[in-house]
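Student: The following comprises the amino acid sequence and a computationally predicted model.
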Amino acid sequence: MSLFALMTMAQSISDDTRQIREEFQNRKFGIFLHWGIYSMLADGEWVMHNRHIDRDEYAKLAGGFYPSLFDAREWTKLFKEAGAQYVTFTSRHHDGFSMWATKASPYNIVEATPFKRDVVGELAQACREQELKLHFYYSHMDWQRLDYPTGGCQNCPHDPATTNWDSYYAFMNRQLTELLTKYGPIGAIWFDGMWDHKEKDFDWRLEEQYALIKRLQPKCLIGNNHHGSPIGLEDFQLFEQDLPGQNTAGFSGEQKVSQLPLETCMTMNNTWGYSITDKNYKSGDELIRRLVTAAGLNANFLLNIGPRPDGKLPDEAVEILKHIGSFMKVNGSTIYGTRGGCVPPQSWGVTTQKGKTLYIHILNKVEDGQILLPLTDQKLAKVVMFADGTKLKFKREKEGCRIFLPELPDTTDCILTATLK
Ligand code: GLC
């Protein structure tokens, strides 16, 4: 192949990549699902590690896992109604249990449980029906497999005599190959747990693994919750429990906000996997505000649910989804397909933007009936209330553009639509 042909090929690949990254950014709102046999112990997905549970004893949970009320269609219908556009599902979490009919290990939902149904397959089908993109969470760390070389998470240590990195690496790649060949187009692989080995000299061989993913599904994006800046072929940058640029939860470390698509994942309460005691739910309004703020910071919002062991979503989660859905139905056009606006976040809220249209999201109380957009080189042509088109007065000043507000309705997010000249 001539050099020219190769260069054009590289160019077309990057155009494709650019396009799928943009499509991902346009979706803005996704649902994260943490579901596995840990749900039965109802104390989060780290329960095996946190309670020092013996791995053989833990594995026996599988024999009792029968989520009799699980209905993938009911879930995805609700996600769609909530306004979500994609679903990220824990195909295999740190406990090492696979939620699909993997041939790489019998420790999976079809072979090891009386339920015998391929949950991933059912979810993939239901997502297709609702036109929701499916992403797979996949854990790099494994507390169950004896060939996994234990790192920092020492509560479920493996005997160094049985660890075998080559064997474990081949196992992961076999599984990833299944996930990317058996369930149709997959939107993204979302890795987690790599921080178990912080040592610089531990080689996760990501380059080869990422290349495998791109070879199997060139349109599948790669994200990795390694709490650092994106590396290699990674397509988007992840933030755990924080918006980009914040580090209140302590997971954002030194990472800088990159130019890549951004995604913030967050729990509704304090736990990812189902917890029977954690009732510390954020309100629906609060979660709407976080979703909108994420959009204003140019990030997608991935909102987590920990389904119950019987296969139902927690009642609180259902209520919250309905609440978000009623907001998104009316206001979704100010969020989907937008990017963080040209006005950076202010004390009163954030902006999102689509072309020349700037959506001003007033999320906090405005005291003196006016807001200032620090726009110096751009001018406004028009400002209206998004809800009813009422025209608003504005004035050009040295520091920007001042908008005079009417008595604002008491809503979670009061939206103005400004047209830029
Ligand atoms: C953390 C936790 C994990 C959870 C993930 C979600 O990395 O280890 O349990 O799945 O966050 O962001």
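Tutor: Received it, and whenever you're ready, just let me know what you need.

Student: Mind telling me what element F301 is part of?
Tutor: In the assignment (DSSP states H and E), F301 maps to strand 299-305.

Student: The ligand contacts on this structure?
Tutor: 34, 45-46, 192, 225, 240, 265, 272 (C-beta under 6 Å from any ligand atom). In this view, the C-beta of every residue, glycine as well, is placed from N, C-alpha and C.

Student: which residues of the stretch 251-400 of the chain fall in helices?
Tutor: Taking DSSP state H, counting those that start in this stretch as the test, the helices found in the stretch 251-400 of the chain are 284-296, 315-331.

Student: Deepest in the core, which of the ones you listed is it.
Tutor: A comparison of these by mean neighbour count, using mean count of other C-beta atoms under 10 Å, puts helix 284-296 on top with a mean of 21.

Student: could the helices of the stretch 251-400 of the chain be laid out in TSV, adding mean pLDDT?
Tutor: Below are the helices of the stretch 251-400 of the chain laid out as TSV (pLDDT from 0 to 100):
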stretch	mean pLDDT
helix 284-296	98
helix 315-331	98
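
Student: Of the ones you listed, which is nearest L392?
Tutor: Nearest to L392, of all the helices of the stretch 251-400 of the chain, is helix 315-331, at 17.6 Å by C-beta to C-beta.

Student: could you say what helices and strands that closest one packs with?
Tutor: Judged by 3 or more C-beta pairs under 8 Å, 6 or more residues apart in numbering; DSSP states H and E, helix 315-331 is in contact with helix 72-82, helix 284-296, strand 299-305.

Student: mind running it again at 7 Å?
Tutor: helix 72-82, helix 284-296 (3 or more C-beta pairs under 7 Å, 6 or more residues apart in numbering; DSSP states H and E).

Student: After the shortest one, which helix or strand is next?
Tutor: The C-terminal neighbour of helix 72-82 among helices and strands, as given by DSSP H and E, is strand 86-92.

Student: With only the CA atoms kept, save whatever helix or strand comes next after that next one in CSV.
Tutor: Next in sequence after strand 86-92, counting helices and strands by DSSP H and E, comes helix 119-130. C-alpha atoms of helix 119-130 as CSV (Å, rounded to 0.1, in the frame of the first residue of the first chain):
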residue,chain,number,x,y,z
VAL,A,119,-28.7,-11.0,31.5
VAL,A,120,-26.3,-9.2,29.2
GLY,A,121,-28.0,-10.7,26.2
GLU,A,122,-31.4,-9.7,27.4
LEU,A,123,-30.3,-6.2,28.2
ALA,A,124,-28.6,-5.9,24.8
GLN,A,125,-31.8,-6.9,23.1
ALA,A,126,-33.9,-4.5,25.3
CYS,A,127,-31.5,-1.6,24.7
ARG,A,128,-31.7,-2.2,20.9
GLU,A,129,-35.5,-2.1,21.1
GLN,A,130,-35.4,1.3,22.9
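
Student: Whatever residue of the stretch 101-250 of the chain ends up closest to the ligand bridge partners, please.
Tutor: Residue of the stretch 101-250 of the chain nearest the ligand, by C-beta to the nearest ligand atom: E240 (4.4 Å). Beta-bridge partners of E240, counted by DSSP bridges, are C265.

Student: Which residue ranges of the stretch 101-250 of the chain form helices?
Tutor: Going by DSSP H, counting those that start in this stretch, the stretch 101-250 of the chain shows helices at 119-130, 165-181, 206-216.

Student: Export those as CSV, with columns for mean pLDDT and mean neighbour count.
Tutor: Conversion of these to CSV gives the following (pLDDT from 0 to 100; neighbours: other C-beta atoms under 10 Å):
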stretch, mean pLDDT, mean neighbour count
helix 119-130, 98, 20
helix 165-181, 98, 17
helix 206-216, 97, 15
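
Student: Out of the ones you listed, the one nearest G341 is which?
Tutor: Of all the helices of the stretch 101-250 of the chain, helix 119-130 sits nearest to G341, with 29.5 Å by C-beta to C-beta.

Student: Which elements pack onto that closest one?
Tutor: Packing partners of helix 119-130 (3+ C-beta pairs under 7 Å, 6+ apart): helix 72-82, strand 86-92, strand 133-139.

Student: Need the contact partners of the last one.
Tutor: Outside strand 133-139, the residues that touch it by C-beta atoms under 7 Å, 6 or more residues apart in numbering are 27, 85-94, 123-124, 127, 176, 179, 186-193.

Student: hmm, try it at 6 Å
Tutor: Applying C-beta atoms under 6 Å, 6 or more residues apart in numbering, the contact partners of strand 133-139 are 86-88, 90-94, 124, 127, 179, 186-193.

Student: G250: neighbour count?
Tutor: 10 (other C-beta atoms under 10 Å).

Student: Could you pull up the contacting residues of it?
Tutor: Listed by C-beta under 6 Å, 6+ apart, G250 has no contact partners.

Student: per-residue confidence for it?
Tutor: We have a pLDDT of 90 for G250.

Student: returning to what we had before: any chance of TSV for the helices and strands packed on helix 315-331, columns distance to K214?
Tutor: Listed next are the helices and strands packed on helix 315-331 as TSV, based on distance: least, C-beta to C-beta, whole Å:
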stretch	distance to K214
helix 72-82	27
helix 284-296	27
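
Student: what's across from the residue nearest in space to the middle of the chain in the sheet?
Tutor: Nearest to the geometric centre of the chain sits L302, at 3.5 Å (C-alpha atoms, centre = their mean). Using DSSP bridges, the bridge partners assigned to L302 are G30, C265.
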